[in-house]
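Student: what follows is a predicted protein model with its sequence.
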Amino acid sequence: MARKDAAGAKAPRAGTSPKQQQMQTFAAAEATAATGLTTNQGLRLSDNHNSLKAGVRGPTLLEDFILREKITHFDHERIPERVVHARGAGAHGYFQLYRSLATYTRAAFLQDPEQRTPVFVRFSTVAGSRGSADTVRDVRGFAVKFYTSEGNYDLVGNNMPVFFVQDAMKFPDLIHAVKPEPHHEMPQAASAHDTFWDFASLMPETTHMLMWAMSDRAIPRSYRMMEGFGVHTFRLVNAGGDAVFVKFHWKPKLGVHGLAWDEAQKIAGTDPDFHRRDLWEAIERGEFPEWELGLQIIDEGKADQLGFDILDPTKLVPEEMVPVQRVGKLVLDRNPDNFFAETEQVAFHPGHIVPGIDFSNDPLLQGRLFSYTDTQLSRLGGPNFHEIPINRGVCPFHNFQRDGMHRMAVHRGRAAYEPNTLGQAGTEFRVDGGPQGFQEFQAATGTPRIRQRSPSFDDHFSQAALFWHSQGPAEKEHIVAAFRFELGKVEHPEVRQRMVDNLAHVDAMLARKVASGLGLTPDPRAAAGRAGFREVRGKLPIEESAALRMASQPPSGSHPLATRKVAVLVADGVEVQGLRPVLQALQEAGAHCLVLAPQLSPVATEGGRQFAVDHALTTMPSVLFDAVLVAGGERAAQALDGLGAAHHFVLQAYKHAKAVCVLGQGAALLRWLGLDARADAQALARHPGVVIGPGGAERAPETAKAFIDAIARHRHWDRPLADGVPA
Ligand code: HDE
């Protein structure tokens with residue numbers, strides 16, 4: 001049974017978890033008129049506008065310790081950004097089990113379904129700097145810190161289940177290749193450049209991960225709509241000391257959805273904080289993002305019958321071979337109070353584990369176990385980062401580590417060593433191990449020390465092919481387009497050629513399609529002749545895995561449009577009898593409707609009443625929405641029809657495969673698609689996801705239903721005419 005101490009208190013309300021209570025004790029009081037301003041020493045200031053000078057127009061005096069303190073503090077406000085995953089957004093929440101996992105693990109926080117464990121989660125991109133855009137093509141980090149009664153447990157994962165390289169030795173090379181090139185520091189937050197593809201093409205072990213990185217998983221619609229994966233194989237160990245291998249998954253309640261590539265690039269300019277804002281706003285609105293924790297449990301004895309090496313981080317375990325058991329939920333219900341104090345200073349580490357969870361020999365994981373503490377030393381300035389509020393455990397901790405930069409704790413007594421007889425215990429204090437403490441799982445070793453890759457890691461293509469064959473037609477097209485885009489940016493033709501030669505070992509059609517966009521012909525034999533290439537191909541019992549398709553992870557909540565954003569275009573003369581019932585139905589389905597007009601001022605309805613407007617059309621382009629609704633009304637339609645921005649808005653949404661609905665005369669905005677209010681079923685069949693309603697109250701419920709169904713499909717990638725739209 002789990003201990004119910006500080007961390008294990010039952011079901012705290014949002015904001016009152018043991019971690020939140022602890023954070024409260026560090027909350028700084030704001031200056032008020034009553035407190036005035038003081039120096040850091042508490043000296044009250046009389047003037048915060050003028051430095052001390054020798055005469056009103058004279059030089060500033062060195063004596064001005066108040067100015068010096070203020071400027072000095074300012075000069076040192078920045079800390080080094082994370083060397084990878086620099087840009088991120090975080091939130092607090094809790095984790096709760098559906099059922100006890102005692103059969104598999106003794107971890108206290110995985111025993112009791114009544115218990116809520118506080119968590120802090122940070123999502124991130126990998127390659128970009130702190131100030132880069134959110135919607136770039138990249139892997140996303142998904143790091144979860146559980147504040148458990150036995151210490152902090154960090155599950156530091158990504159939104160893709162595999163990784164580029166197999167051994168930690170290659171990680172710095174990978175990152176040097178993908179980061180901006182060292183001579184001119186370009187491009188920012190992008191893998192579409194020579195050094196990345198030079199490295200990737202010379203390292204066939206990257207192939208499986210490249211397939212994921214070129215898919216729509218790399219341009220998620222929202223942090224709230226992506227899966228998370230622990231990537232490595234870990235161990236769960238129960239109270240009896242029995243271990244199983246485990247793969248960790250996070251399954252989002254809102255389903256898994258991506259953006260269109262063109263859209264992602266445009267959002268990067270329009271709202272570089274798109275994902276950060278989306279997470280923040282959802283939590284502020286009380287629409288708490290939720291994921292289920294999934295486990296794939298693999299018997300240690302059966303692991304070598306899978307057909308691939310479970311220690312190889314470029315391999316996943318297909319869900320069809322080992323089903324994912326959903327065992328609990330993660331809910332994010334509180335935004336941080338201060339970005340720097342919490343999101344920037346949080347320090348994750350895959351080596352922060354608790355009894356009942358253990359590592360495997362995955363050589364990438366093993367390297368990570370070294371890296372994460374080390375990196376905090378330069379990022380957070382010393383070895384005491386565990387004392388920073390966001391990093392503190394909620395259970396007590398005791399040891400004889402002492403001193404160092406930024407030590408907060410004041411240790412008492414004269415004995416800072418063990419064993420001792422002079423410490424506070426008053427008697428001899430000696431730690432000789434014992435069953436209460438963490439015990440490493442006793443995996444057998446005893447093999448010779450060797451610097452070599454296991455031959456069981458040699459198959460670099462069969463899982464890349466599994467991923468490719470599992471995708472639907474639209475997803476495949478997006479992958480081909482992504483490879484063409486990225487390789488099209490590469491200046492060295494031999495790098496492009498090497499890459500398409502490698503792709504020919506995934507699938508001939510894929511390679512041909514990518515190559516044809518680049519004016520090349522793939523040559524699988526050339527790839528096979530290169531150093532570092534292995535001809536090995538494992539045998540998987542399946543050829544496709546439905547679980548690898550994004551579309552097979554639909555939303556699981558009761559509201560089909562939960563948290564979706566719909567733009568509603570109006571202008572003076574808007575017809576509201578038909579509009580209001582559609583808006584109401586959308587809201588009941590969970591959507592957020594924002595009204596956009598040519599100006600940021602209320603518009604007049606047909607009947608002469610005022611209708612509120614949220615934004616001017618030009619400040620919120622369609623890329624920031626999931627769907628568009630154009631209101632009816634003769635005058636309104638005329639006004640919108642006369643605006644290039646309104647046409648662009650609708651056409652762009654159409655091109656990005658979003659649901660579009662027009663009411664009554666609003667159909668004028670479909671002119672460029674060759675549609676009007678009289679369009680019949682045959683004409684509409686060529687425009688999936690476009691709904692034309694007659695306007696007026698009578699047929700509004702029918703129109704609303706069709707529009708809701710269209711939005712619930714997320715995107716209509718099957719629009720045959722979308723490519724021809726110039727938006
Ligand atoms: Fe990381 N990684 N990583 N990584 N990683 C860091 O730690 C590293 C890897 C991941 O929101 C750094 O505190 C090495 C895989 C996330 O704060 C650093 C290797 C996975 C985050 C580091 C890997 C990850 C990091 C940089 C290969 C998915 C952000 C700042 C041996 C399972 C956590 C920091 C946050 C951050 C090293 C590979 C996930 C330098 C050496 C595989 C989500 O320590």
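Tutor: Cool, got the structure.
Student: list the buried ones in the helix or strand where Phe649 lies?
Tutor: Here Phe649 sits within helix 644-655, counting by DSSP states H and E. Residues of helix 644-655 classed as buried by neighbour count (16 or more other CB atoms under 10 Å): Ala646, His647, His648, Phe649, Val650, Leu651, Gln652, Ala653, Tyr654, Lys655. The way it works is simple: take the backbone N, C-alpha and C, and place the C-beta from them, glycine included.
Student: turn these into a markdown table, columns for distance to Val165 and pLDDT.
Tutor: Below are the buried residues of helix 644-655 laid out as a markdown table (distance: CB to CB, whole Å; pLDDT from 0 to 100):
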| residue | distance to Val165 | pLDDT |
| --- | --- | --- |
| Ala646 | 48 | 98 |
| His647 | 47 | 97 |
| His648 | 43 | 97 |
| Phe649 | 43 | 98 |
| Val650 | 44 | 98 |
| Leu651 | 42 | 98 |
| Gln652 | 38 | 98 |
| Ala653 | 39 | 98 |
| Tyr654 | 40 | 98 |
| Lys655 | 36 | 98 |
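Student: how about those residues in a markdown table, adding distance to the ligand?
Tutor: Shown next, in a markdown table, are those (distance: CB to the nearest ligand atom, whole Å):
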| residue | distance to the ligand |
| --- | --- |
| Ala646 | 40 |
| His647 | 41 |
| His648 | 37 |
| Phe649 | 35 |
| Val650 | 38 |
| Leu651 | 37 |
| Gln652 | 32 |
| Ala653 | 32 |
| Tyr654 | 36 |
| Lys655 | 33 |
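Student: which elements pack onto the helix or strand containing Ser201?
Tutor: Assigned by DSSP H and E, Ser201 falls within helix 194-202. Judged by 3 or more CB pairs under 8 Å, 6 or more residues apart in numbering; DSSP states H and E, helix 194-202 is in contact with helix 171-178, helix 493-503.
Student: between those, which one is closest to the ligand.
Tutor: Comparison of these against the ligand by CB to the nearest ligand atom identifies helix 171-178 as nearest, at 3.7 Å.
Student: how about the residues of this structure that lie near the ligand?
Tutor: Proximity of the chain to the ligand is confined to 82-85, 88, 122, 124, 141, 143, 156-158, 163, 168, 171, 231, 346-348, 364, 367-368, 371-372, 375 under the rule CB under 6 Å from any ligand atom.
Student: just the ones of those residues in helices?
Tutor: Phe171, Leu364, Gly367, Arg368, Ser371, Tyr372, Thr375 (DSSP state H).
Student: so what pLDDT did the closest residue in space to the last one that isn't next to it in sequence get?
Tutor: Same thing as Thr375. Leaving aside its sequence neighbours, Thr375 sits nearest to Val83 (CB to CB, 6 or more residues apart in numbering; 6.3 Å). With respect to pLDDT, Val83 has a value of 98.
Student: hmm, His176 and Val83 touching each other?
Tutor: No - checked against CB atoms under 8 Å, the pair Val83 and His176 is beyond contact range at 10.5 Å.
Student: what's the distance between whichever residue of the chain sits closest to the ligand and Arg82?
Tutor: Ranking the residues of the chain by distance to the ligand (CB to the nearest ligand atom) places Gly141 first, at 2.7 Å. Going from Gly141 to Arg82 by CB to CB, to the nearest Å gives 9 Å.
Student: next: Met509.
Tutor: Distance from Met509 to Arg82, by CB to CB: 39 Å.
Student: then Ala243?
Tutor: In terms of CB to CB, Ala243 sits 32 Å off from Arg82.
Student: in the helix holding Ser201, which residues are buried?
Tutor: So, applying 16+ other CB under 10 Å, buried residues of helix 194-202: Thr195, Phe196, Trp197, Asp198, Phe199, Ala200, Ser201, Leu202.
Student: let's have those residues in JSON lines, adding distance to Arg276 and pLDDT.
Tutor: Formatted as JSON lines, those follow (distance: CB to CB, whole Å; pLDDT from 0 to 100):
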{"residue": "Thr195", "distance to Arg276": "28", "pLDDT": "98"}
{"residue": "Phe196", "distance to Arg276": "25", "pLDDT": "98"}
{"residue": "Trp197", "distance to Arg276": "29", "pLDDT": "98"}
{"residue": "Asp198", "distance to Arg276": "32", "pLDDT": "98"}
{"residue": "Phe199", "distance to Arg276": "29", "pLDDT": "98"}
{"residue": "Ala200", "distance to Arg276": "28", "pLDDT": "98"}
{"residue": "Ser201", "distance to Arg276": "33", "pLDDT": "98"}
{"residue": "Leu202", "distance to Arg276": "35", "pLDDT": "98"}
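Student: show me what counts as buried in stretch 361-379.
Tutor: Buried residues in stretch 361-379 (16+ other CB under 10 Å): Asp362, Pro363, Leu364, Leu365, Gln366, Gly367, Arg368, Ser371, Tyr372, Thr375, Gln376, Arg379.
Student: sorry, back to before: quick check, pLDDT for the spatially closest residue to the residue of the chain closest to the ligand that is not a sequence neighbour.
Tutor: Leaving aside its chain neighbours, Gly141 sits nearest to Ser124 (3.8 Å; criterion: CB to CB, 6+ apart). Ser124 is assigned 99 on the pLDDT scale.
Student: Ser124 contacts Val139, correct?
Tutor: No - using CB under 8 Å, Ser124 makes no contact with Val139, being 9.2 Å away.
Student: surely Pro289 touches Val331?
Tutor: Yes - counting by CB under 8 Å, Pro289 touches Val331, with 7.5 Å between them.
Student: make sure Ala303 is indeed in a strand.
Tutor: No - counting by DSSP: H, G, I helix; E, B strand; the rest coil, Ala303 falls outside a strand, being helix.
Student: cool, thanks, talk later.
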